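Asks: fold the following for me, if possible:
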Amino acid sequence: MAHPVKDTSMIDAIYCMQLRELLLDHNRCVPVPKHIADTVNEDQVDFRYVKNWAVQQKLLSQHAEIGLVA
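Replies: As a prediction, this is how the structure comes out:
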């Protein structure tokens, strides 16, 4: 389950639900595969699968924090 991040300087990536993209450092956007993006919705904001996918793709570290833009 996602928790609100109070200090935005701790965010390593931003997930855009509408575009189904992960915004990384230096304004790099990476499309998230549909089957992974489908796991995040407004009723249940849960980044576990998005984060695991990003870690496997070596886009983020295991300790990264993800923010949300709906």
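Asks: show the subsequent helix or strand relative to the longest helix along the chain.
Replies: In the chain, with assignment by DSSP state H, the single longest helix is helix 48-56. Of the helices and strands lying after helix 48-56 in sequence (DSSP states H and E), the nearest is strand 66-69.
Asks: so which bits of stretch 28-38 are buried?
Replies: Counting neighbours by 16 or more other CB atoms under 10 Å, one finds that the buried residues in stretch 28-38 are Val32, Ile36, Ala37. The way it works is simple: take the backbone N, C-alpha and C, and place the C-beta from them, glycine included.
Asks: so how far is it off the chain centroid?
Replies: Distance, stretch centre to chain centre, for stretch 28-38: 9 Å (CA atoms, centre = their mean, to the nearest Å).
Asks: mind starting the numbering at 30 from now?
Replies: Let's use 30 as the start, then, which means that last one is stretch 57-67.
Asks: what's in contact with that stretch?
Replies: Residues from elsewhere that reach stretch 57-67, judged by CB atoms under 8 Å, 6 or more residues apart in numbering: 44-46, 48-53, 78-79, 82-83, 86, 88.
Asks: among those, which one lies nearest to Leu97?
Replies: Comparing the contacts of stretch 57-67 against Leu97 with CB to CB places Tyr44 closest, at 5.6 Å.
Asks: any idea how far the closest one is from Glu50?
Replies: Shown here: Tyr44 relative to Glu50, a distance of 8 Å by CB to CB, to the nearest Å.
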